[in-house]
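1. need a structure here:
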Amino acid sequence: MEPRVDYAFFIATLGGAFAIMNPFVVLPLFLAVTHGMSPAQQRHAGLRVAFFSAVLCAVVAISGAAILKFFGISVDDFRVAGGLVLMTIAMGMLSGSGSPAHEAPAKAQAMAVQEPPRADVSFYPLAFPMVVGPGTITAIIVYMGQARDMAGKTAVAAAFGLVLAGLAVVLFFASTIGRHMSQTLRVIMTRLMGMIVAAMGVQMIAAGLKAILNRKSVV
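-> Alright, predicted model coming up:
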């Protein structure tokens, strides 16, 4: 008998993954970093960013639980800490100032933009830490911890895979999309995703604290 797919869990994971790794939030930095490249070079760089991001997500998904176990940290402890990280990211998105917890350091961004087009910035700062930063890492570990069986883990992989596929498409057509995407639309999308990320942070903190308090009351 095939495992039953939890579509509600899949949709929740998909929404969370999109909010954190929103391709349209990554797009402005990608255009700034690849300024001066030909359209063909930008398309190649965009595909490399998506590839490196997928590899990083896979590594986190496979080794995340082992890392927590090594340090003696439970998923619930990490869920509370991760919720605080997401709240920090959300506050930056809502204020329009960005967040050092999710974006590449300002100095690194400036250096990347100033570097000649031949410099490969696909891995740093674009794939890491812009796409796969602390927020993404936290979400992957928490969602994988919530997945109790192979069907759940498959749902997490499928959700993040869809978002990464969307990232590849957006970055592949970055030059075309950038010409038609106004600054106002970018700000609106960033604010909206900020609210979603904030709600995710609250949910993680509440669920983590509830589990920790229940665990202590039993003891």
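2. who's in contact with the closest residue to residue 205 other than its chain neighbours?
-> Closest residue in space to residue 205, ignoring its immediate chain neighbours: residue 83 at 3.6 Å, by Cβ to Cβ, 6 or more residues apart in numbering. To be clear about C-beta, it is placed using only N, CA and C from the backbone, and glycine gets the same treatment. Residues in contact with residue 83 (Cβ atoms under 8 Å, 6 or more residues apart in numbering) are 200-206, 208.
3. Just the buried subset of these, please.
-> In those, burial by neighbour count holds for 200-201, 203-205, 208, counting by 16 or more other Cβ atoms under 10 Å.
4. tell me what the biggest helix by length in the chain is packed against?
-> Using DSSP state H, we find that the single longest helix of the chain is helix 183-218. Helices and strands touching helix 183-218, by 3 or more Cβ pairs under 8 Å, 6 or more residues apart in numbering; DSSP states H and E, are helix 7-20, helix 23-33, helix 75-95, helix 134-146.
5. May I see the ones you listed organised as a markdown table, with mean pLDDT and distance to residue 170 added?
-> As requested, those are arranged in a markdown table below (pLDDT from 0 to 100; distance: least, Cβ to Cβ, whole Å):
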| stretch | mean pLDDT | distance to residue 170 |
| --- | --- | --- |
| helix 7-20 | 90 | 11 |
| helix 23-33 | 83 | 4 |
| helix 75-95 | 83 | 18 |
| helix 134-146 | 88 | 16 |
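6. what about the ones you listed, which gets the closest to residue 174?
-> helix 23-33 (5.6 Å; Cβ to Cβ).
7. which two from the buried ones among the contacts of residue 83 end up farthest apart in space?
-> 200 and 208 (12.2 Å).
8. ok, for residue 196, nearest residue in space, not its chain neighbours?
-> residue 19 (4.1 Å).
9. Would you agree the one you found is in contact with residue 198?
-> No - counting by Cβ atoms under 8 Å, residue 19 sits too far from residue 198 to count as a contact (9.5 Å).
10. Compare those two and say which one has the larger neighbour count.
-> Taking neighbours as other Cβ atoms under 10 Å, residue 19 and residue 198 compare with residue 19 leading, 25 against 20.
11. OK, contacts around that one?
-> 193, 196-197, 200.
12. export those residues to a markdown table and tack on pLDDT?
-> Shown next, in a markdown table, are the contacts of residue 19 (pLDDT from 0 to 100):
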| residue | pLDDT |
| --- | --- |
| 193 | 76 |
| 196 | 81 |
| 197 | 79 |
| 200 | 81 |
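13. Report the buried members of those residues.
-> Looks like these have 193, 196-197, 200 buried, using 16+ other Cβ under 10 Å.
14. any idea which of the residues you listed is closest to residue 181?
-> residue 193 (14.5 Å).
15. Residue ranges in the chain under the pLDDT threshold?
-> Counting by pLDDT under 70, the chain shows low-confidence ranges at 1-5, 96-119, 218-219.
16. Surely residue 157 is in contact with residue 62?
-> No - Residue 157 is not in contact with residue 62 according to Cβ under 8 Å; the separation is 10.4 Å.
17. Give me the more crowded residue out of those two.
-> residue 157 (18 against 11).
18. Just the element for that one, please.
-> helix 150-172 (DSSP states H and E).
19. what's the spacing between that helix and its chain's center?
-> 11 Å (Cα atoms, centre = their mean, to the nearest Å).
20. Show me what counts as buried in whichever strand or helix holds residue 63.
-> Assigned by DSSP H and E, residue 63 belongs to helix 39-70. Buried residues in helix 39-70, counting neighbours by 16+ other Cβ under 10 Å, are found at 42-43, 45-50, 52-54, 56-57, 60-61, 64, 68.
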